[in-house]
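**Q** this one's sequence-less:
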């Protein structure tokens, strides 16, 4: 710890709340895990967890469900972060579940492995007996998420029943659950996209290079720029070309659209987002499939 | 992270047809908080339903079930910001069976917006919404008289509604200076963010300027309360003897060197250091999540409370409280529950149900079981003493939840008297 003593601590309300939630998770559950995707929200979670428990180590592991369709940049970043902070990382692969015949690949133009993450996640929960999964979901992201609780209870089939959610009063969190149930916990529920970006700036966090402007082969589909790569099913009339782009959100190579941008530093990115009109999940192809897409995925156990 | 604009938490209440979703959609639209793809989706769906206007309620009605029925069925959180303030709206449904949701939304809010339909005036539902705002001691209440366009923007209609509400208010102990009245048309945006030309007789502020200029007392209570959440013992070489008590400080600041009392037990000690992450501080502001190190190595565990010596809370193993039943199972004399006060858990037994509150500020003293969405005065006996302040002066440590021992559901929320 620093030897010089600061004057007065005036903490931001959102940070104070997120840290309070992390400490509740550690105190109320024997076996938590932090779901890590390499995206900016889960990177923010790791930072908050570090601050919540310092000088002790983060008292739970990270779990990455590797779809096999991750951007290389995300995996490089993940491994560097784990190394630098001395984190305990568990990786479970969608490819392994496909190889063993447990699940099968989607086909067609919009094929993605996004939905295939769910059974792999549920298997990992079983395998390690995790009773709480910590996620970076925010209520401002999407309409179904606006109704999510901080502690969201899933039954023994890991299902979310939106009509039967536990009410949460004041700051009190009830993490008691019947045997076999588990909980999804969301420490940054009340943050907005801009809050996350500003936190990344004030904490001087590094991000995967995908978030900054770079040259990439992309093609036009449904009014969005899709990254061209070996996993996306492209028809012959979808010609790709090199453009300067960046990603606002980082998912799989098959379900994350890019935006044209020259923002190569964090300040530029933040300024661009401030002015941007397209909402964040609008660039996630998996949510565009149908209006109720997110709600449906949550019901069957998605993050 | 530095403090930015002030944060204001708003609970909105109003029945399905009072135009609440439209008002929120309008606030989001007018403060440019709706992204273009969301506006496009609203435009498409409005057209598909054959409307010749933008149906802003589509911006907030979240779940498929309720979009189909056209009603809001749970608490939704909505975010927007102006150059002055950041806002979180807890949007709760207005119909009777969802009192629970309204209490949920109000419990994390500073301000209540109560919507009244100008054509209908003060209804049973308005009274119920006010009742809950009163029960939870909301700092401010804004009576929003909506649909003024449907009553020809009549000042008489507005004045009558204000008069009726003030008569109701006079029968309660709620401070009338904490209530404001505002005539609007959410559909046409009159008095939402811009002053209405259609209502020149109204000289007050618009909804948004009222919100932006709100002065909130974040904490009525002025005694520091620190409930221990989690004990940090790193046991690493560098921090071998470090024993940090983590928690959220409320009520007032704490300083290094302050004389404190640890409860239960009442042992006295001194704050040896205050930490957040890798920094040490001389003083921490109320509202911060911090780590305290005490001078003496006392036995302190989760749920214990550290307070400034001389500013002790109350302590008792019997509680008089008002509670709201939020679960289908009813609460009866003799029932046993887990009681959670802040982060501390104890066992509680219902000793008496002294009366059920009527939402019209009357009491029914004949009923002895409390059903879903009912509010009752009760006496609870605890297996151990709990430290608390009355709810009226300290919401954080004057409230509790009851948890069903078998299925672990939260069944009631209580306010200690």
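**A** Looks like it arrived, so ask away. Please read these numbers as outputs of a predicted model, since none were measured by experiment. Numbers count the residues shown, from 1 in each chain, chains lettered A, B, ... in the order given.
**Q** can you map out the helices along chain A?
**A** In chain A, the helices defined using DSSP state H lie at A:13-28, A:40-53, A:72-85, A:94-99, A:117-128, A:193-202, A:266-275, A:285-288, A:293-299.
**Q** Just put the ones you listed in TSV and tack on mean pLDDT, mean neighbour count and distance to residue B:274.
**A** Every residue, glycine included, has its C-beta placed from N, CA and C. Formatted as TSV, the helices of chain A follow (pLDDT from 0 to 100; neighbours: other Cβ atoms under 10 Å in any protein chain shown; distance: least, Cβ to Cβ, whole Å):
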stretch	mean pLDDT	mean neighbour count	distance to residue B:274
helix A:13-28	97	23	14
helix A:40-53	97	22	15
helix A:72-85	94	16	24
helix A:94-99	89	16	46
helix A:117-128	92	18	36
helix A:193-202	93	19	21
helix A:266-275	88	14	31
helix A:285-288	55	20	44
helix A:293-299	56	19	40
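**Q** Looking at these, spot the one closest to residue B:239.
**A** Minimum separation from residue B:239 across those (Cβ to Cβ) falls at helix A:40-53, 11.6 Å.
**Q** Just name whatever secondary elements that closest one is in contact with.
**A** helix A:13-28, strand A:32-35, helix A:72-85, helix A:193-202 (3 or more Cβ pairs under 8 Å, 6 or more residues apart in numbering or on different chains; DSSP states H and E).
**Q** and the residue in the stretch 101-250 of chain B that chain A sits nearest to, how many residues sit next to it?
**A** Nearest residue of the stretch 101-250 of chain B to chain A: residue B:234, at 4.0 Å (Cβ to the nearest Cβ). The number of residues packed near residue B:234 is 17, by other Cβ atoms under 10 Å in any protein chain shown.
**Q** Tell me who's in contact with it.
**A** Neighbouring residues of residue B:234 by Cβ atoms under 8 Å, 6 or more residues apart in numbering or on different chains: A:55, A:56, A:57, B:242.
**Q** re the thing from before, out of the helices of chain A, flag the one nearest residue B:301.
**A** Nearest of the helices of chain A (Cβ to Cβ): helix A:13-28, 10.1 Å.
**Q** what about the closest one and chain B, touching?
**A** Yes. Contact of helix A:13-28 with chain B (Cβ under 8 Å from any Cβ of the partner chain) involves A:13, A:14, A:15, A:16, A:17, A:19, A:20, A:23, A:24, A:26, A:27.
**Q** thought the fourth one was touching residue B:248?
**A** If I follow you right, that is residue A:16. Yes. Using Cβ atoms under 8 Å, residue A:16 is in contact with residue B:248, at 6.4 Å.
**Q** Export the helices and strands packed on helix A:40-53 to TSV and append columns for distance to residue B:227.
**A** Putting the helices and strands packed on helix A:40-53 into TSV (distance: least, Cβ to Cβ, whole Å) gives the following:
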stretch	distance to residue B:227
helix A:13-28	11
strand A:32-35	21
helix A:72-85	29
helix A:193-202	26
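**Q** Tell me which of the ones you listed sits nearest to residue A:225.
**A** Using Cβ to Cβ, the nearest of the helices and strands packed on helix A:40-53 to residue A:225 is helix A:72-85, at 16.9 Å.
**Q** Residue A:41 and residue B:254: what is the separation?
**A** Separation of residue A:41 from residue B:254 (Cβ to Cβ, to the nearest Å) stands at 32 Å.
**Q** give me the low-pLDDT residue ranges for chain B?
**A** Residues of chain B meeting the criterion pLDDT under 70: B:1-5, B:16, B:60-74, B:93-97, B:218-221.
**Q** Please name the nearest non-neighbouring residue to residue B:255.
**A** Ranked by Cβ to Cβ, 6 or more residues apart in numbering or on different chains and with sequence neighbours excluded, the top spatial neighbour of residue B:255 is residue B:283, at 4.5 Å.
**Q** same thing with residue A:156?
**A** Nearest one to residue A:156, counting by Cβ to Cβ, 6+ apart, is residue A:180 at 3.8 Å.
**Q** count of residues packed around that neighbour?
**A** 11.
**Q** Can you name the residue of chain B nearest chain A?
**A** Proximity of chain B to chain A (Cβ to the nearest Cβ) peaks at residue B:35, 3.3 Å away.
**Q** For that residue, give its distance to residue A:138.
**A** Distance of residue B:35 to residue A:138, computed by Cβ to Cβ: 14 Å.
**Q** before we move on, what about residue A:244?
**A** Taking Cβ to Cβ, one finds residue A:244 at 28 Å from residue A:138.
**Q** what residues are up against residue 113?
**A** You didn't pick a chain, so chain A it is. Here residue A:113 is in contact with A:67, A:68, A:69, A:94, A:105, A:106, A:252, A:254 (criterion: Cβ under 8 Å, 6+ apart).
**Q** wrong chain, I was asking about chain B
**A** Here residue B:113 is in contact with B:10, B:11, B:12, B:13, B:14, B:142, B:144 (criterion: Cβ under 8 Å, 6+ apart).
**Q** Can you pick out the residue with more neighbours from residue A:244 and residue A:138?
**A** For residue A:244 and residue A:138, the more surrounded residue by other Cβ under 10 Å is residue A:138, and the numbers stand at 24 against 15.
**Q** I'd assumed residue A:197 was in contact with that one.
**A** No. Between residue A:138 and residue A:197 there is no contact under Cβ under 8 Å: 11.9 Å.
**Q** what's the helix or strand for residue B:164?
**A** In the assignment (DSSP states H and E), residue B:164 maps to helix B:155-170.
**Q** And for that helix, what's in contact with it?
**A** B:116, B:118, B:121-122, B:126-127, B:130, B:143, B:145, B:148, B:151, B:176, B:179, B:181, B:183, B:199, B:201-202.
**Q** Buried subset of those residues as a ChimeraX selection?
**A** Selecting the buried subset of these in ChimeraX, with 16 or more other Cβ atoms under 10 Å in any protein chain shown as the burial test, is done by:
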select /B:116,118,122,126,127,130,143,145,148,151,179,181,183,199,202
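**Q** Restricted to helices, list the contacts of helix B:155-170.
**A** Using DSSP H, the members of the contacts of helix B:155-170 that fall in helices are B:126, B:127, B:130.
**Q** just these now: which is nearest residue B:355?
**A** residue B:127 (18.3 Å).
**Q** Please, where are all the strands along the stretch 101-250 of chain B?
**A** B:111-117, B:140-146, B:179-183, B:225-227, B:230-232, B:244-250 (DSSP state E, counting those that start in this stretch).
**Q** do the fifth one and chain A meet at all?
**A** Yes. Strand B:230-232 is in contact with chain A by Cβ under 8 Å from any Cβ, via B:230, B:232.
**Q** what's the domain layout of the chain?
**A** If you meant another chain, say so; for now it's chain A. Domain assignment for chain A by automatic domain parsing gives A:13-199, A:208-288.
**Q** hm, I was asking about chain B
**A** Listed domain ranges for chain B are B:6-212, B:225-308, B:314-416 (source: automatic domain parsing).
**Q** Could you save these as TSV and add columns showing distance to residue A:117?
**A** Formatted as TSV, the domains of chain B follow (distance: least, Cβ to Cβ, whole Å):
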stretch	distance to residue A:117
domain B:6-212	22
domain B:225-308	31
domain B:314-416	28
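**Q** At the contact with chain B, which residues of the stretch 51-200 of chain A appear?
**A** Neighbours of chain B within the stretch 51-200 of chain A, by Cβ under 8 Å from any Cβ: A:51-57, A:139-140, A:143-144, A:146-147, A:162-163, A:165-172, A:174, A:176-178, A:189-190, A:192, A:198-199.
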